[in-house]
Every structure is written in structure tokens, then in C-alpha cells.
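how would this look folded up:
(chains A and B)
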Amino acid sequence: MTDALAITGLSKTFGGKFAVDNLSLRVRAGELYALLGPNGAGKTTTLRMVAGLLKPNSGEIAVFGHDALKDPAAAKQVIAWAPDEPMLYDRLTPMEYLEFVAGLWGVPATAALPRAEELLKWLGLWDNRGERCEGFSRGMKQKTALAGALIHDPKLLILDEPLTGLDAAVARQVKDLLQARVKGGATVILTTHILEVAERMADRIGIINNGRLVAEGTLDELRTRTGEGNATLEDLFLELTGAEDAAPESVRR
Amino acid sequence: MIAPAGSTLWLLRHELRLSWRGIMTRRGRGRGRFRALWLTALLPVILFFTAGLPLAFALKRVQIPVAPISIAIAAAVGVALFTLMLSQTLSAAVDALYERADLDLLFSSPMKPRSVLAVRFLAVAVNVFALFGIVTTAILLPIAVMGHPGWLAVEGVLFAIALAATGVGLLIAGGLFRLIGPRRTRTLGQVLAAITGAAFFLVGQGYNILGRHQSASAWTSLVQLANAPRFRLPPGVDWLLRAMLGEPGPLIAVLVAGAGVFLIANQLLGARFAADAASAAGIGTGGGKARRVGRARFAADAFGATLSKELRLIARDPALISQVLLRVLYILPLGFVALRNAGTAQTLALPGSAAALSLIAGQIVGSLAWITISAEDAPDLLSCAPTPMRTLRRAKIAAAILPVAVLLAPVLLPMIVMAPLAGLAATAGCAASAGMTAALNVWWQRPGKRSEFRRQRQASWGVTLAEFGLGLIIAVATGLLAFGGFGWALIPAALALVGVLLLSRSDAQIARALRAAT
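Purely as a prediction, here's the structure:
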């Protein structure tokens, strides 16, 4: 079976410094993959390269068999990218936003209209479909952006910190949505700093540090690898990334 | 003197520093800012030598009499200045409450909210005064040195007018907050500022609109009216002129009056504004403007979807609309002159109007193209879409040109019917000018925020200058063509073409520049 995403030897430098350093990873079709790492580890840079927003210095990216660097349009056609800051137009309504995004991905009007209605109803935005996004709360904006990401029914959904700043109810809604997408056959890749979410939802987890993949596998595989049978993902993460520094005395007081 | 932290003076210094940095940000970055700073510093020097000194020599032995006509002129200048300043302070008052995100921080500090607001509004008055003060000082200084030291009192009068305008601006903004809410007040403030500027332009164009004979007879009537024995000015009106001429009593009275209006406005509105500011700060979470839910219109392709999105965003941008309206209002007198002369077959005014129309068309398209191309709110969304960037650009250019075509059609179409050569030349000139500015905006994109439209346009001054220069050359070609000088028109047309070719960039160059910019 073709991998949803195959990254091989990917590198990206900024000002001579490696943000992503010879990274290779595989995400299987139909799984929910959590890419974890400390701040500045290279997660977002990696995903931006997959989404076609950054050009790598070297390496290969294949999305469902399409070479994302040589044939970006084919790869983009099946990807949806949802960054932590929603890509919205404040002066458009959610329905108008979906009209635009559907046009960008070439979704026929006959298919786009019922899908937009379905998404807006599912995400609880139907009653707000005629209001401009400028007055929306963070959660409503995030949900509008998610609706945009899903309007073309992507096979690979990439989300960068999708739960940042969301209240518990909206966060639950987003998590349910992601699990429903995976059940429906789509592939989801997400980054998150909320390790419990990755622990509970992800089929497989990749941990990245200093631009390199330091560990990958299911939670049990990671436990086996570190030799800690009952460890939480947080314990494993801190051990694998070497981030267990105690706070200084002045801060603890 | 160092003001203690937390004092009113300290806060005023903070406000003025922020204003100064805001001005500097508008001037661009790096070398661009340095050049702009030099140009800004040079402006008073240029004014000193080109306007101040000649005026100083001309007025050396002139004494301005306190006569009805001079009193009336001084009063008219005062009213004009007050209106101009009011349009700025109204907009600035709304910005101070709505745009700046630091009110929550200031209100959560131990400083009194009323002191915070009073200082903020004083900073508005000082900024407005500074704008006019720099220009007038450069002109007044040589005049004062060469025999009229008292005329420096004009600066005092200007400050008094700035204070009064700020006070009245506050009162109007406060009333509008109550009546129509903070969001609409902001929009109205921007539109009013644009309309006031345009109104001054239209008044300045009175000569063109009325024609030579009517203008001359209107002025004669005005002088006769002012000199008529029965004509009586209301008491106290002469104080403004006397204050400008440096008489201490009237000058103090004008200063006290200006300060009084400012203080009364602060006193009346201090507490209420604190509440208004809090409500304005919460605008972002207050629920969007509800619109009538119409039928969804999904476009057949990316071009249609992008064109539709850009036109919607342009139509919903009050700041942009007010700027465009301002330029459209400039077209009115030109259109008036063009059509009047097309009807009477006057030869010189018609080519001139055709040339000016092409220049203005290019300028408006330039503004809209910057918004549609450079001020993209979600560039990543477009980059990760499978649609070719060229398709999106074409849609964005179409969105910039379409509104201008609609605005110019009512002038160009009758022109073509009444004076075919001039009308066709004007149409060709407008098309060339619009195409040129759109192309420049594609080649020399400079990503920026839509909300910072004015600042960003000023910051990309190189492109703005090129647009204007090439627009002028195309305007000359248009004028010559409308005049019937086809051969002569080819020279500026060829020059403009060479200029456009020299400034062109390949897709790869554009992509490289964009990567460097972001």
C-alpha cells in the first residue's frame, strides 16, 4: 500500500543553521500520526515543506506517490494544511470563505455547496454563516479554517497545533472531527504540545529534535525502546529530547 | 528633565515616542527609511528657501491692515485649518481607542484612566499641530526675521486650533460611539477624513469648475461685500487676525479658548471614554457584523472564486474605499472640464483632461493592485492550493482594474461620443496606465497587511515613484494623442515602454524577492 507521506533525507537550513537535518519518515495511509518535539525542533518547517510552502535544500517528499517537489499541484490537490494561526479573511463570512477555498481546489459547485452546508452544520457554524469572521472568537475562527481545509475532502490532513487556544468544548469537537476523518479513511498528521492528546489519539508518534527524528512508533514501541514499560508519553518525550531541566530556585519561590 | 515613571509627563513622552516610531515605520525600512528621513528633513529647508525667503522679501514692508476683507480671509483660513485638523483628530481619536492594543495594559496600571486618556488626546493634538507647524515655521521664520517677528504668533494660533479641533473631535467621536457604536465610528471617521480632504480639493478647483469669468466676478462681489459700509462683522471675529499678527491679548485669548475646548471635552468625556475604550477594545470578540444570508455562489474555477473574493474584500474595506473615493473625487472636476470642453470644442483643455484621467486611472489601479496582490491576508492558503499562481494573479489584477473601469466609464463613454479622438486617446491612456501600474505591482510585490494600506503604500515609495513617473510619461503620450500629434505621442509612449521593460521581473525573480521579504 502506498504511504500517505514519505519523506526521505529532507534538509532545510536558515542562515546556515539546520532547521531540518536529513529527516526521513513515513506516514501510512489511514493513520493519525502525531509529530512531536520541543519548540524550534523543526516540526512546522517540515510540515510547511510538505504543504509546498517552503522549498527544502535537499531530500524528497512523496504524497500518495506524487513527488511533491516535481509535481506540487498533484500533491497539493490531496493535501489540506491547517496552521496554528487560521488562514482566514476577516471580512468574509464562513460561507464566502468556503466558496473561495472550494474554487482554489477546483471543487465543482454542485459538490461544494452541500459539502459546505454539511461542514458548517457539523462544526456548529451554520447560524454564523452570514457573519464576517472578524468578530469570531479564536475557536470559531479555527473551526472556519478547518471547514476550509475539509471542503475539498483531502486524503491527507496536516494540522499544526490545531488545539492551541481552544476551549474544552471546541477542542473536543476538533478531536472528534479528526477521529471521524481517520475512520473515514483519511490520513491525519498533527503537531501538538498537548502530549495527552497525542497519547490518546495517535496511531503512531514521531519525536523530532534539532531537525532530526529521534524516535518513531506506537506508544508501546516507544516504551519498549526506552525500556520504561509504564512510562507516560510525557516521560518518554522528556527523556528522548533531553528537556528535563529543573526550574531555577528564583522561579520556584 | 527626566519625568518620574508613572507620571503624566512620562506617559506623554511615551505617547510621543510611539507616534514618532509610527511615522518612522511608515517611511519603510533600512535605506528606504534613511532616504525618507532625509527627504522629510529637507522639506522645511526647501520650503524655507523656495517659499519663506521670497515671501519675506515680498512682505518686508507690507503691513496687513485689520480690515473687513483681511479679517474675513483670516477667519476663513482659521475655519479651513480647523476643519482639516478636525478630520484628522476625529480619525486619530478613533484610532487611539480602537487601533492601539495597549489600552488594557494602561488601564490595568495604577494610573488614572482619565489621565491616560487625557495624555493620549494631548498627544493627538501635538501630532496634528506638528504636521502644520513644521511647514509654517519654515515659511514664517524668514518673514519674522525680516521685519515681522509678531507673525510667529501664527504658531500659537495653530496650536490653539489643534487643541480645539482635538476637543471637538473627541466630542463628535464620543457622540458617534453612543449613536452608532465603535466599529462604525471608525469607518465614518476614515470616510469623513477623506471627504474633507476631497472637499478642499474641490473648493481649490472652483476656478476650473466655474470658469474664468464666473470666478473673477465671484471674487469681485466678495470684496465689494466686505467693503460695503453696511457690512458688519460679528464682534470678536477680528481677534483671530490680531492673534496671528502677534497682538498679545488676542493671542492669549485664542490660546485660552483652544485649551478651554480641549479641557472641557476631556472633563465631559473622560469617564465615558474610559468605558467606550473598553468596549472598543472588546470589538474583536463582540460578534461579527451580521449580514443577510444570501444564496451561496460557488464559482466554477479558481479565477472566478479569486476575483469574487477580491471584489468582496475591496467593497468591505472602508479605509481603502475612502482613499479611492478621494481620488475619484479628483476626477469630478477633471471630468467636468473634459466634458464641457468636449462640447465646446476647446482644443487645449481636452487633451489635458485626457492626460490627467489616464494618470488618475493608473494611480487608483495602483492602490487597488497593491491591496489585491501584496496585501493578501492568507498567502499560505494560496501557496498550498493546487491552482497556478499565474491564474490567481490574473484574477487579482482583474479585481484591481474592474472597479476603475466602472468608475471611468461614465466620463470616457460620453467623451468618445462628443470628441472621438480625445475620448479614444483617454481610454487608451487609462488602459495603458492601469496595465502599467498593475504590472509593476505584480513585479515589485511587497507583502503587507491590508490594515496598513496607507503606511505600506508610503513604505514602497520606490514602486510608488516609478508608478507616478511612468504614469506621467503615459499621460503626456495620452495628451499628445488627444491633441492629434500621433508622431509626437510615440516618443513618450516608447519611453514608457522602455521604462516598463526595464522594471519587469521574471516569476523566479519575484519568488526570490518574496522569499527574501518574508
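
So, low pLDDT: which residues of the stretch 151-253 of chain A?
A:243-253 (pLDDT under 70).

for the stretch 401-518 of chain B, what spans make up the helices?
B:420-443, B:453-459, B:461-483, B:486-503, B:507-517 (DSSP state H, counting those that start in this stretch).

Which elements pack onto the fourth one?
If I follow you right, that is helix B:486-503. helix B:420-443, helix B:461-483 (3 or more CB pairs under 8 Å, 6 or more residues apart in numbering or on different chains; DSSP states H and E). Every residue, glycine included, has its C-beta placed from N, CA and C.

Ok, which of those comes nearest A:Leu213?
helix B:420-443 (40.0 Å; CB to CB).

for the closest one, what is the average pLDDT?
Across helix B:420-443, the average pLDDT comes to 93.

Format the helices and strands packed on helix B:486-503 as a markdown table; extra columns: distance to chain A and mean neighbour count.
Formatted as a markdown table, the helices and strands packed on helix B:486-503 follow (distance: least, CB to the nearest CB, whole Å; neighbours: other CB atoms under 10 Å in any protein chain shown):
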| stretch | distance to chain A | mean neighbour count |
| --- | --- | --- |
| helix B:420-443 | 19 | 23 |
| helix B:461-483 | 24 | 22 |
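
B:Ala153: which of the ones you listed is closest?
Once the helices and strands packed on helix B:486-503 are compared by CB to CB, helix B:461-483 is nearest, at 35.7 Å.

and that closest one, how far from the chain's centre?
When C-alpha coordinates are averaged (CA atoms, centre = their mean, to the nearest Å), helix B:461-483 and its chain have centres 21 Å apart.

What helices and strands are in contact with that helix?
Partner elements for helix B:461-483 (3+ CB pairs under 8 Å, 6+ apart): helix B:30-47, helix B:349-369, helix B:420-443, helix B:486-503.

quick one, it and helix B:349-369 angle?
150 degrees (axes from the mean of the first three to the mean of the last three CA atoms, to 10 degrees).

Give me the angle between helix B:461-483 and helix B:486-503.
Going by the same axes, to 10 degrees, helix B:461-483 makes 160 degrees with helix B:486-503.

give me the element the closest residue to chain B within the stretch 1-150 of chain A is part of.
Going by CB to the nearest CB, chain B is nearest to A:Gly103 of the stretch 1-150 of chain A, at 2.1 Å. If you go by DSSP states H and E, A:Gly103 is part of helix A:94-104.

what's next to that helix, contact-wise?
With contacts defined as CB atoms under 8 Å, 6 or more residues apart in numbering or on different chains, helix A:94-104 is touched by A:88-89, A:92, A:109, A:112, A:115-116, A:119-120, A:125, A:128-131, A:133, A:144, A:147-148, A:151-152, B:293, B:296-299, B:301-302, B:304-306, B:308-309, B:312, B:381-382, B:385-387.

how distant is it from the center of its chain?
On CA atoms, centre = their mean, the centre of helix A:94-104 falls 21 Å from the chain's centre.

Please save the CA atoms from it in CSV.
Taking C-alpha atoms only, helix A:94-104 is exported to CSV below (Å, rounded to 0.1, in the frame of the first residue of the first chain):
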residue,chain,number,x,y,z
PRO,A,94,-17.6,31.5,6.6
MET,A,95,-19.8,30.6,3.6
GLU,A,96,-17.9,33.1,1.4
TYR,A,97,-14.6,31.7,2.7
LEU,A,98,-15.7,28.2,1.7
GLU,A,99,-16.7,29.4,-1.7
PHE,A,100,-13.2,30.8,-2.3
VAL,A,101,-11.4,27.8,-1.0
ALA,A,102,-13.6,25.4,-3.0
GLY,A,103,-12.7,27.5,-6.1
LEU,A,104,-9.0,27.2,-5.3
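
what sits up against whichever helix or strand comes after that helix?
Stepping forward along the backbone from helix A:94-104, the first helix or strand reached (DSSP H and E) is helix A:109-122. Outside of helix A:109-122, the residues within contact range by CB under 8 Å, 6+ apart are A:94-95, A:98-99, A:102, A:107, A:126, A:129, A:147, A:150-151, A:153, A:177, B:296, B:298-300.

Looking at the helices of the stretch 401-518 of chain B, which is nearest to A:Ile205?
Once the helices of the stretch 401-518 of chain B are compared by CB to CB, helix B:507-517 is nearest, at 32.2 Å.

If I take that closest one and helix B:420-443, what angle do their directions form?
Calculated by the same axes, to 10 degrees, helix B:507-517 forms an angle of 60 degrees with helix B:420-443.

Helix B:507-517: which residues count as buried?
B:Ile510, B:Ala513 (16 or more other CB atoms under 10 Å in any protein chain shown).

What is it packed up against?
Helix B:507-517 packs on helix B:420-443, going by 3+ CB pairs under 8 Å, 6+ apart.

before we move on, back to that, to A:Ile61, which of the helices of the stretch 401-518 of chain B lies closest?
Comparison of the helices of the stretch 401-518 of chain B against A:Ile61 by CB to CB identifies helix B:507-517 as nearest, at 18.3 Å.

Please list the outside residues in contact with the closest one.
Contacts for helix B:507-517 (CB under 8 Å, 6+ apart): B:Met389, B:Arg390, B:Val442, B:Trp443, B:Trp444, B:Gln445, B:Arg446, B:Pro447, B:Arg505.

Would you mind checking which of the residues you listed is nearest to chain A?
Distances from chain A to those, taken by CB to the nearest CB, are shortest for B:Met389, at 10.7 Å.

Make sure that closest one is actually in contact with B:Glu376.
No. Using CB atoms under 8 Å, B:Met389 is not in contact with B:Glu376, being 11.2 Å away.

Please identify which helix or strand holds A:Leu35.
Per DSSP H and E: strand A:32-36 holds A:Leu35.

What pairs with that strand, parallel or antiparallel?
Paired strands of strand A:32-36, with direction, are strand A:187-191 (parallel), strand A:204-209 (parallel) (DSSP bridges).

Tell me which helix or strand comes right after it.
Strand A:32-36 is succeeded, C-terminally, by helix A:43-50 (DSSP H and E).

any idea how far the helix or strand that that next one is followed by is from the chain center?
Downstream of helix A:43-50, the first helix or strand assigned by DSSP H and E is strand A:58-63. Centroid separation for strand A:58-63 versus its chain: 17 Å, with CA atoms, centre = their mean.

just stretch B:258-269 next, same as before
On CA atoms, centre = their mean, the centre of stretch B:258-269 falls 27 Å from that of its chain.

any idea of the mean pLDDT in it?
Mean predicted lDDT for stretch B:258-269 stands at 88.

quick one: contacts of whichever strand or helix holds A:Ala169?
Using DSSP H and E, A:Ala169 falls within helix A:168-183. By CB under 8 Å, 6+ apart, the residues outside helix A:168-183 that reach it are A:30-32, A:122-124, A:139, A:142-143, A:146, A:150, A:157, A:159, A:162-163, A:166, A:188, A:190, A:197, A:201, A:203.

so how far is that helix from its chain's centroid?
Taking mean C-alpha positions (CA atoms, centre = their mean), helix A:168-183 and its chain are 13 Å apart.
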